[in-house]
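S.K.: Structure here, sequence nowhere to be found:
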């Protein structure tokens, strides 16, 4: 049986997931471009293939129609927006993901970005590289009101890390109420949280913008916005307007409407941009790839139980 790999960094940090496939007797076809594949490219890559270790390429009805031998897809990561799950099901293709793997890596990256922004590390570094000895005073996370949008695995871990610094944590999640929170966080409506938070960090799903023209204009003046969930959850035009007006002091984005990204935000010095790399720690990649391979083998060999 043949297994195709489309995620561009598969087994580059650790060979264990590749060896697992080889030990089970599978022929493994690597991503020939070592980047995100287009619909046409993934169709070519999947010819005669039984299983896919998947990245972020579009897995559509057309892909499934043109690749009739495909039996199982194992996403390396949480997000499934690129997979037409209904179409996959209609074609009898089993689909899995790895929701637990990214938790710590994304939460750590969120904390790192927050510290860079509140402590003015980026402008200080820029000044030093320009041979300028220029100190800019920042703020501490202690007692800082932080709004976490989304209280899944990652949102909960982000809350834990920020609380260790003494921050005041507010949670908004339409599926939850105060009694559902597991620690000293406070549940608030989105509109209330935006008015009081100095840092707003998104860890939710969905396809519609959570931060748009209307509610960005109502956030606390000088707030910081951070997003490592999905690019479509923030309206880029509204974010730019907020940054230019000073309503938003700075932002960190790890996800974008289109990737690779080269839009207007890349020209804004108050925006910290990273290329969708929150899960890019050695431990995280290894854990997600191993779990994806375990899922794929179980689905191909009939009957994944968890």
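M.R.: In hand now; what should we look at? All values reported here derive from a predicted model rather than from experimental measurement.

S.K.: which ones are touching the residue lying closest to residue 169 once chain neighbours are set aside?
M.R.: Closest residue in space to residue 169, ignoring its immediate chain neighbours: residue 185 at 4.3 Å, by Cβ to Cβ, 6 or more residues apart in numbering. C-beta: built from backbone N, CA, C; applies to glycine. Residue 185 makes contact with 148, 159, 163, 169, 170, 171, according to Cβ atoms under 8 Å, 6 or more residues apart in numbering.

S.K.: switch the cut-off to 7 Å
M.R.: For residue 185, the contacting residues are 159, 169, 170, 171, by Cβ atoms under 7 Å, 6 or more residues apart in numbering.

S.K.: Could you do residue 96 as well?
M.R.: Residues near residue 96 by Cβ under 7 Å, 6+ apart: 74, 75, 295, 299, 304.

S.K.: Out of those, which comes closest to residue 248?
M.R.: If you rank the contacts of residue 96 by distance to residue 248 using Cβ to Cβ, residue 75 comes first, at 32.3 Å.

S.K.: Now that closest one: phi and psi?
M.R.: Backbone geometry at residue 75, expressed as degrees, to the nearest 10, gives phi -80, psi 130.

S.K.: what's the answer for residue 223, then?
M.R.: According to degrees, to the nearest 10, residue 223 has phi -70, psi 160.

S.K.: ok, now residue 107?
M.R.: Per-residue torsions, residue 107: phi -60, psi -40 (degrees, to the nearest 10).

S.K.: for the one 3 residues further on, same thing?
M.R.: Note on residue 110: backbone dihedrals following degrees, to the nearest 10 are phi -60, psi -50.

S.K.: Equivalent analysis for the one 10 residues further on, please.
M.R.: Reported as degrees, to the nearest 10, the phi and psi values for residue 120 are phi 60, psi 40.

S.K.: and which of the contacts of residue 185 is nearest residue 282?
M.R.: The closest of these, once distances to residue 282 are taken by Cβ to Cβ, is residue 159, at 24.8 Å.

S.K.: residues contacting that closest one?
M.R.: 148, 169, 171, 183, 185.

S.K.: again, only using 6 Å
M.R.: Residues near residue 159 by Cβ atoms under 6 Å, 6 or more residues apart in numbering: 148, 169, 185.

S.K.: quick one: the strands in this structure?
M.R.: 2-5, 27-29, 51-54, 72-75, 94-96, 145-149, 168-172, 186-187, 199-202, 223-227, 248-253, 271-273 (DSSP state E).

S.K.: Please identify the most buried of those strands.
M.R.: Burial of the strands of the chain is given as mean neighbour count (mean count of other Cβ atoms under 10 Å); strand 51-54 ranks first at a mean of 28.

S.K.: can you give me the mean pLDDT across that one?
M.R.: The pLDDT scores in strand 51-54 average 98.

S.K.: what distance separates it from the centre of its chain?
M.R.: 19 Å (Cα atoms, centre = their mean, to the nearest Å).

S.K.: contacts for it?
M.R.: 3, 4, 5, 6, 72, 73, 74, 75, 292, 296, 300.

S.K.: So which bits of stretch 211-228 are buried?
M.R.: 211, 215, 216, 219, 220, 223, 224, 225, 226, 227, 228 (16 or more other Cβ atoms under 10 Å).

S.K.: where in the stretch 1-150 of the chain is pLDDT low?
M.R.: Along the stretch 1-150 of the chain, the model assigns pLDDT under 70 to no residue.

S.K.: domains for this structure, by residue range?
M.R.: Following automatic domain parsing, the chain resolves into domains at 2-101+282-300, 103-273.

S.K.: where along the stretch 101-250 of the chain do the helices fall?
M.R.: Counting by DSSP state H, counting those that start in this stretch, the stretch 101-250 of the chain has helices at residues 103-118, 121-129, 153-164, 190-196, 213-216, 236-245.

S.K.: okay, now residue 140: neighbour count?
M.R.: By the criterion of other Cβ atoms under 10 Å, residue 140 has 12 neighbours.

S.K.: what's the closest of the strands of the chain to residue 288?
M.R.: Nearest to residue 288 among these is strand 72-75; the distance by Cβ to Cβ comes to 9.0 Å.

S.K.: where does residue 306 land on pLDDT?
M.R.: 47.

S.K.: whoops, I mixed them up, residue 207
M.R.: For residue 207, pLDDT reads 86.
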